[in-house]
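>>> coordinates for the following, if possible.
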Amino acid sequence: MPHSKQKFDKVPLMHTMDFPASRNPLFRWPSLVAAALSLSIGWGIRGNFGHEFGAMMPGMLCAVAVCLFSGRGDWRERVPFFAVFGALGWGFGGSIAYMPTMSYTQSGHLATQLYGWITVFIVGFLWTSMGAAGTAYAGVETRERLTAVFRPLCWVLAAWTIEYFLADYIMNWLVQGADNSDLRHRNPLYWLDSEWMEANWALLGLCLFELWDRRLKDLHWAAVYGALGAAAGWLAQWILGATGWLAPALAFFVRVQGDPRAINPATGQPFGNASFLTNWPQIFFTFDGHLGWILGLSLGLAVFFWRYGRWRSGSSLLLHITVGSYLVFLAGPVLLSCVCGGLGGFRMMPPRGDSWANIVGAFAGMLVYMYRNGLAPVGQTSIIAGMLGGLGFVLAQFAKILLYIPGNPQFNADPAWLARWAHWHSANWHNLVVEQGVGLLYGLAIVVSMGLLAGRLAIAKAEPRVRKWTESFSVFFILSILLYVNLVKNIEDWTRPHNGHTALPALMKAPLIPQIELTALGWFNVTFLLMGVCLAAILWAHQRRPLDIVPRSWTGKGQLFYLVFLWAILLGNWEKALPAFTEQRLDTEWVMIVNGLLATFLILVYVRDGELAPEFGTQSLALLARRTAAFGIAALLVCTLAFTSAHRWIYDGRWDGYGGLNLRFGDQAEWRIHPTLRDKSHP
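So this is what the prediction gives:
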């Protein structure tokens, strides 16, 4: 059933002062501090666990904090959904590399520095905008349509689960000796270190859901469209080959990711015919004789699903995001790189990955869906938060630059002076400022944008509690699946030698049964599986008859949910660092635990079940979103010029000595002198 259009943008705009901050619970200091701390704690922990799974932890904490502090009864009843969609929203940006963008700003190379501040903003924008979109979606969408999304979402999660457990086996089958770290580019499916395989698996899950949802209706037409597409693709490749046009086409569309004329620092000679990667995956060349019909088959099936697909139950949202991810990646780093070879391709930070393009596409697809389906406030909240988050990342990076000034050997190489500042520089400034610190600013971006939304969105009337299973699924997803995919990474730290010993032995026998011997990872998996089964049984029992330990009010349930997850990841993070703990870890683990105590106090003392937000009328966020976007762009330009000028004045146009010298442009650009080669490690 198509979405009914909610005419948010047709409601007359009222002035912001109609709802002063004193009446909006999200603009009170406990709300601002709690939301900022929630994302700061999670973002600091994300720095230790990394990538998409790590980024989902702060998203969950901040979304739940905003939900509880909003004082909106309609939102508090959705606290499990805020947790899931807040986590998923932040998970999108977790794949984006960001260290090169920061090193650009510190390089001392004028063009690279100017470019660096812009890319720092873009990365911050993408993280925060998608995180805000997930959080806002949980509050704006109707419960009927919100819970319906879980059906196709489960199919996508199932597909990703298969990828999670089988990806390494597939890689080892394709290439012996490849891995998921320094040698990942040897995998024939590697494509600019992007998220294209994740998009493939998501699309597979969505297409299978569509077929299942239609009970395989019109399946015979899928075979027809696929066969016609394959035939057309084969014929097109044959014609290109027969007419001699295939070679010129390949020469234009296939470009090496490097500069053969550049001097290799390791040899002092030009790279020449080195084993460069190209802007296409190696598997395309391995099966180049079959490429025509394979691409034709894919296009034929795409036409079938476009022609016959109904994409119900919110699967259209997931499809918009997935297709957007594909289109921007293909249009940008792949195709536009054909005309940007002299600049290292249309890539943000070569030779690092281009998942940023996937996230830009996901953001664009999300916006298109929201505006087409009467959910404009979600897109507008996303834009507002993205602008604030992007500027927050810029400010945090400049703060880090300033903190490097005391005791910097670029100014004074006197040993006594350097020794005086040695302890200062031993601090983990990266985590303190651009992880925990920027997390505070990201959290403020979320709570401010959600506060603006909350004050302009009428409180929804009581809705039927349809699909109650989605609430239990949400809790299970957060407390079992999300915890597992992050905490399982601790095993590597526990079994790695530190000062000649390990925290866990490599193999351990079962109690009283010596015939059973498992690795440390095996015992961890068995234990977590039992915990997951236990949690599922508890949730099932609670659905049948409420358990006394679970509070009756949604406020109490949300507080319990928040605190269980908060302290699970805080203790898990502490345990990860414990085998190699030094005083520098106090900057991270100890600070985060102190912040966790403060967040615990705020969530328990300042969130009360009887303290509810006043009734708000529906207003448009459109004008405010446009003004915020204009302000954000203007502020970015000012910050770019001011911060670049300040850095060049302080360091006399030189590299500041921290973060690694990394240039985006010029003869010494990183992509020129350290390209990713098939026979070398990936940066």
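>>> okay, now the unreliable bits of the protein?
For the chain, applying pLDDT under 70 flags the ranges 1-22, 171-180.
>>> for it, what's the longest helix?
Identified as the longest helix of the chain according to DSSP state H is helix 110-140.
>>> list the buried residues of stretch 550-563.
Residues Trp554, Thr555, Lys557, Gly558, Gln559, Phe561, Tyr562, Leu563 are the ones in stretch 550-563 that count as buried (16 or more other CB atoms under 10 Å). Yep, even glycine has a C-beta here, placed from its N, CA and C like the rest.
>>> could you report the neighbour count for the closest residue to the first one other than its chain neighbours?
It refers to Trp554. Leaving aside its sequence neighbours, Trp554 sits nearest to Arg76 (CB to CB, 6 or more residues apart in numbering; 4.4 Å). Neighbourhood size, Arg76 [other CB atoms under 10 Å]: 23.
>>> Arg76 and Arg186: what is the separation?
Counting by CB to CB, to the nearest Å, the gap between Arg76 and Arg186 amounts to 50 Å.
>>> sec struct for Ala419, please.
Of the three states, Ala419 takes helix according to DSSP: H, G, I helix; E, B strand; the rest coil.
>>> if I look at it, how far off is Ala413?
The value you get for Ala419 to Ala413, if CB to CB is used, is 12 Å.
>>> surely Met99 touches Pro683?
No: contact criterion CB atoms under 8 Å: Met99 and Pro683 do not qualify, at 10.1 Å.
>>> more crowded one of those two?
Pro683 (17 against 14).
>>> neighbours of Gly610, just the number please.
Per other CB under 10 Å, the neighbour tally for Gly610 reads 7.
>>> please state the backbone phi and psi of it?
phi -90, psi -10 (degrees, to the nearest 10).
>>> now it: how far from Arg76?
12 Å.
>>> again, but for Ile384
From Ile384 to Arg76 the distance is 23 Å (CB to CB).
>>> kindly report the same for Gly374.
For Gly374, the distance to Arg76 - CB to CB - is 24 Å.
>>> now Lys509: which helix or strand?
Lys509 is part of strand 507-510, with elements assigned from DSSP states H and E.
>>> that strand pairs with which strands, and in what direction?
strand 513-519 (antiparallel) (DSSP bridges).
>>> secondary structure element for Trp280?
Using DSSP H and E, Trp280 falls outside every helix and strand.
>>> roughly how far apart are the residue lying closest to it once chain neighbours are set aside and Ile294?
With sequence-adjacent residues excluded and distances taken as CB to CB, 6+ apart, Trp280 is closest to Val254, at 6.0 Å. Computed with CB to CB, the distance linking Val254 and Ile294 is 17 Å.
>>> let's verify Cys338: helix, strand, or coil?
helix.
>>> wait, doesn't Gly47 sit right on Glu435?
Yes: at 4.1 Å, Gly47 counts as touching Glu435 under the criterion of CB under 8 Å.
>>> more neighbours, the two?
Between Gly47 and Glu435, counted using other CB under 10 Å, the more crowded position is Glu435 (23 against 18).
>>> got a list of what that one touches?
Trp43, Gly44, Arg46, Gly47 (CB atoms under 8 Å, 6 or more residues apart in numbering).
>>> tell me which of the residues you listed is nearest to Ser325?
For the contacts of Glu435, the closest approach to Ser325 (CB to CB) belongs to Arg46, at 21.2 Å.
>>> which elements pack onto whatever helix or strand the closest one lives in?
In this structure, Arg46 sits in helix 29-49 according to DSSP H and E. When contacts are defined as 3 or more CB pairs under 8 Å, 6 or more residues apart in numbering; DSSP states H and E, helix 29-49 packs onto helix 51-69, helix 429-431, helix 438-454, helix 554-577, helix 589-605.
>>> what about the residue nearest in space to the middle of the chain, distance to Arg46?
The centre of the chain sits closest to Gly93, judged by CA atoms, centre = their mean, with a distance of 2.3 Å. From Gly93 across to Arg46, the span is 10 Å (CB to CB).
>>> quickly list what's touching both of those two.
Ala55.
>>> re earlier: for the helix holding Arg46, C-alpha coordinates in PDB please.
Extracted in PDB, the C-alpha atoms of helix 29-49 (Å, rounded to 0.1, in the frame of the first residue of the first chain):
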ATOM      1  CA  TRP A  29      20.900  21.100  30.100                       C
ATOM      2  CA  PRO A  30      20.500  17.500  31.300                       C
ATOM      3  CA  SER A  31      19.200  16.400  27.900                       C
ATOM      4  CA  LEU A  32      22.000  18.200  26.000                       C
ATOM      5  CA  VAL A  33      24.700  16.800  28.300                       C
ATOM      6  CA  ALA A  34      23.300  13.200  28.400                       C
ATOM      7  CA  ALA A  35      22.900  13.000  24.600                       C
ATOM      8  CA  ALA A  36      26.400  14.500  24.100                       C
ATOM      9  CA  LEU A  37      28.000  12.100  26.600                       C
ATOM     10  CA  SER A  38      26.100   9.100  25.200                       C
ATOM     11  CA  LEU A  39      27.500   9.600  21.700                       C
ATOM     12  CA  SER A  40      30.900  10.600  23.100                       C
ATOM     13  CA  ILE A  41      31.200   7.400  25.100                       C
ATOM     14  CA  GLY A  42      30.100   5.300  22.200                       C
ATOM     15  CA  TRP A  43      32.300   7.100  19.700                       C
ATOM     16  CA  GLY A  44      35.300   6.700  21.900                       C
ATOM     17  CA  ILE A  45      34.600   3.000  22.200                       C
ATOM     18  CA  ARG A  46      34.000   2.900  18.400                       C
ATOM     19  CA  GLY A  47      37.600   4.000  18.000                       C
ATOM     20  CA  ASN A  48      38.700   0.800  19.600                       C
ATOM     21  CA  PHE A  49      36.400  -1.600  17.800                       C
END
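>>> in it, which residues are buried?
So helix 29-49, judged by 16+ other CB under 10 Å, has buried residues 31-49.
>>> before we move on, what about stretch 500-510?
Ala503, Leu504.
>>> contacts only, for Gly390.
Contacts of Gly390 by CB under 8 Å, 6+ apart are Val120, Phe121, Ile122, Val123, Gly124, Phe125, Thr128, Gly632, Leu636.
>>> before we move on, the earlier item: in CSV, list the contacts of Glu435 along with distance to Leu661.
Formatted as CSV, these follow (distance: CB to CB, whole Å):
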residue, distance to Leu661
Trp43, 26
Gly44, 27
Arg46, 26
Gly47, 22
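>>> pick out whichever of those sits closest to Trp523.
Arg46 (25.9 Å).
>>> my read: that closest one touches Pro58, true?
Yes: with contact defined as CB under 8 Å, Arg46 reaches Pro58; the gap is 5.9 Å.
>>> compare Val254 and Ile294 (neighbour count), which wins?
Ile294 (17 against 13).
>>> buried sites along the helix or strand where the more buried one lies?
Assigned by DSSP H and E, Ile294 belongs to helix 291-308. By 16+ other CB under 10 Å, the buried positions in helix 291-308 come out as 291-297, 299-305, 308.
>>> contacts for the helix or strand containing Val323 next, please.
For Val323, the host element (DSSP H and E) is helix 315-329. With CB under 8 Å, 6+ apart as the test, helix 315-329 has contacts from 149, 151-153, 156, 194-196, 199, 202-203, 206, 209-210, 213, 311, 354, 357-366, 368-369, 373.
>>> please repeat the previous calculation with a cut-off of 6 Å.
152, 194, 199, 202-203, 206, 209, 311, 357-358, 360-362, 364-366, 368-369 (CB atoms under 6 Å, 6 or more residues apart in numbering).
>>> quick one: buried ones out of those?
Buried among those (16+ other CB under 10 Å): 152, 194, 199, 202-203, 206, 209, 311, 357-358, 360-362, 364-366, 369.
>>> which ones among the contacts of helix 315-329 are found in strands?
Among these, DSSP state E puts none in strands.
>>> ok, Leu604 - how many residues close by?
When neighbours are counted by other CB under 10 Å, Leu604 comes out with 12.
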